[in-house]
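need coordinates for the below:
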Amino acid sequence: MRILRRVGEQQEVTAWSQTANIAMFYEPEPLTENDLTGARALFNIIETDSVAENAYIHLLTAWQLQSTAGAKPLQRSILQHYVLCIESIVTGVMASIRRERADAIRLEERKFAADFADTLSKRANKPDAIREASTELRNIGLINMLPSIAVVSSKLALDDAVKDQAVKLYRFRSSNLSHPGKDKPAAFKEWLSGGPSVDQFCQADTVARSFLVAYCKQIAGTGKS
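Okay, here's the model as predicted:
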């Protein structure tokens, strides 16, 4: 509320509002020369390594979406890009560790996609069919990704806490991304209210940056380009 007083009139109280933004992250601190040296080295790797570049693009997209006005579905998009940043690093590292297994996962996904394409025309409710297929594909990825997160976390010398948070984020993303459809009001309302929290955004930001920095440090140490 605020008090107004016009010339020749009594004071009156009127409704008043002002938009306030709540920053989820700490205010940036001044960078020292050592910080700048490390940042330059990191960006040199991002410019020359496709895995680091892909991960950074997802991280940057998540940051840019933070300042975009939107509803719950947009919040899931922000979390999605944080998880995709982690996934890019995990997939890139695992490709060099276990290429045969990665190929088997892709074959499993392609087989499911082919079977889905064959049966889609027979489904009466195609939006439901597409949502179910999307969920199933993420389940395939989930089964194969969780062990990979553990392997890559160890290879990049990340703390167990970071690894555990990455696993939790991946599980949450996989189970909460697809909405049940607006033709199911109760389920849709529950889906909207079950989006990521501010705390999960903060954790996702920290974990995604940890994976990217650890990967870049490893690349710098091996001299790979």
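
and for stretch 85-95, what's in contact with it?
Contacts to stretch 85-95, defined as CB atoms under 8 Å, 6 or more residues apart in numbering, come from residues 50-51, 54-56, 58-59, 62, 101-102, 145, 148-149, 151-152, 155-156, 166, 169-170, 207-208, 211-212, 215. For the C-beta atoms, the positions are set from N, CA and C on the backbone; glycine is no exception.

now, of the residues you listed, which are buried?
51, 54-56, 58-59, 62, 102, 145, 148-149, 152, 155-156, 166, 169-170, 207-208, 211-212, 215 (16 or more other CB atoms under 10 Å).

please flag which of these sit within strands.
Using DSSP state E, no member of the buried ones among the contacts of stretch 85-95 sits in strands.

picking that back up, narrow the contacts of stretch 85-95 to those in helices?
Within the contacts of stretch 85-95, residues falling in helices by DSSP state H are 50-51, 54-56, 58-59, 62, 101-102, 145, 148-149, 151-152, 155, 166, 169-170, 207-208, 211-212, 215.

can you show me the strands along the chain?
2-5, 11-14.

pick out the shakiest of those strands, pLDDT-wise.
Mean pLDDT is lowest for strand 2-5 among these, at a mean of 53.

how near is residue 115 to residue 128?
17 Å (CB to CB, to the nearest Å).

neighbour count: those two, which is higher?
More neighbours surround residue 128 than the other of residue 115 and residue 128, with 14 against 11 (other CB atoms under 10 Å).

what's the separation between the more buried one and residue 80?
Remark: distance between residue 128 and residue 80 (CB to CB) = 21 Å.

before we move on, what about residue 162?
For residue 162 relative to residue 80 (CB to CB), the value is 19 Å.

and the pLDDT at the closest residue to residue 68 other than its chain neighbours?
Distance criterion CB to CB, 6 or more residues apart in numbering; nearest residue to residue 68, sequence neighbours excluded, is residue 74 at 6.6 Å. Predicted confidence (pLDDT) at residue 74: the value is 74.

what does residue 187 give?
With respect to pLDDT, residue 187 scores 65.

and residue 195, by the same measure?
At residue 195, pLDDT is 68.
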